[in-house]
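> got a sequence here, can you model it:
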Amino acid sequence: MHTILLDKRVHNRQNFDCGEKALNNYLKSIASQQGAKDNARTYVLIDTSKINEGSTIIGFYTLTMSTLTLYGLPSKLQKKHQSAQTAGLIARMAVDKKYQGKGLGEWLLVDALKRLLSASNEVGFPLVIVDAKHSAMAFYEKYGFSEFLDQDNKLFMTVADIRLSSDK
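As a prediction, the model looks like this:
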C-alpha cells in the first residue's frame with residue numbers, strides 16, 4: 001500500500017463515505033481547490049483492486065502548516081520552543097466506512113507522520129498538531145499525541161518523538 005497525491009482527474013472522490021459529512025464534503029469539493037492554491041496537500045490511499053471503478057479511495061489525509069501558539073503546551077516545551085512559530089498540521093484524516101476497522105487509520109497516520117518528519121528535516125518545525133473530532137481523541141492519544149492544555153480536541157506530538165519512533 002502507498003498513498004499518492006490526490007488528483008481529481010483520476011481519483012473517484014464521489015463514492016467516498018467515512019460517515020462524517022464534513023470530511024466527505026472536504027474530499028469531494030474542497031481538497032483539490034486547496035491543493036491548487038498551495039494551501040494544503042491531500043494524499044489518498046487507493047484500492048488498486050478496483051481499477052475499473054476509477055481509483056477507489058480507501059482513505060485520505062490532508063497536511064499543511066499551522067501557526068504555533070505555545071501557551072497550551074507544558075512549560076518545558078514552551079521554554080524549549082519559545083522561538084518556534086509554526087507546526088505541521090494533520091488537518092483531516094478519514095477512512096471510508098467500507099474499510100474501517102482494518103488498521104488503515106493507523107497506516108494513514110504513520111504515513112502522514114513520515115511525510116511531516118521529512119518536511120521538518122528540510123525546513124524545521126518542532127511539533128505536529130491535529131485538530132481531532134471528539135470521537136477520534138483516543139485514537140491519536142494511543143499513538144503518542146498529547147492534548148493542548150488550553151484547547152479542547154487539539155493535540156500535539158513533538159517531531160523529536162516522531163523521529164525516535166521512526167528510528168525503531
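> after the top strand by length along the chain, next one along is what?
If you go by DSSP state E, the chain has its longest strand at strand 56-67. Going down the chain from strand 56-67, the next helix or strand is helix 75-80, by DSSP states H and E.
> buried set for that next one?
Across helix 75-80, burial judged by 16 or more other CB atoms under 10 Å covers Leu77. In short, each C-beta sits where N, CA and C put it, glycine included.
> after it comes which helix or strand?
Per DSSP H and E, the first helix or strand lying C-terminal to helix 75-80 is strand 86-95.
> tell me which other helices or strands that next one touches.
helix 21-25, strand 56-67, helix 104-123, strand 127-131 (3 or more CB pairs under 8 Å, 6 or more residues apart in numbering; DSSP states H and E).
> contact partners of the first one?
Helix 21-25 is contacted by residues Phe16, Asp17, Cys18, Arg92, Ala94 when judged by CB atoms under 8 Å, 6 or more residues apart in numbering.
> now do 10 Å
13-14, 16-18, 30-31, 60, 62, 92-96, 133 (CB atoms under 10 Å, 6 or more residues apart in numbering).
> quick one: which of those residues has the lowest pLDDT value?
Of all those, Lys133 has the smallest pLDDT value, namely 87.
> just give me the closest of the contacts of helix 21-25 to Met1.
Met1 lies nearest to Val95 out of the contacts of helix 21-25, by CB to CB, at 12.3 Å.
> which of the helices and strands packed on strand 86-95 is buried the deepest?
Sort the helices and strands packed on strand 86-95 by mean neighbour count, taking mean count of other CB atoms under 10 Å, and strand 127-131 sits at the top with a mean of 23.
> quick check, central residue of the chain?
Closest residue to the average C-alpha location of the chain: Ile90 at 3.0 Å, with CA atoms, centre = their mean.
> pLDDT weak spots in this structure?
Scanning the chain for pLDDT under 70 picks out 50-54, 168.
> dump the helices and strands packed on strand 86-95 to JSON lines, plus distance to Pro74.
Listed next are those as JSON lines, based on distance: least, CB to CB, whole Å:
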{"stretch": "helix 21-25", "distance to Pro74": "30"}
{"stretch": "strand 56-67", "distance to Pro74": "18"}
{"stretch": "helix 104-123", "distance to Pro74": "20"}
{"stretch": "strand 127-131", "distance to Pro74": "12"}
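> hmm, back to that, buried members of the contacts of helix 21-25 into ChimeraX, please.
Filtering the contacts of helix 21-25 down to the buried ones (16+ other CB under 10 Å) takes a single ChimeraX command:
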select :13,16,18,30,31,60,62,92,93,94,95,96
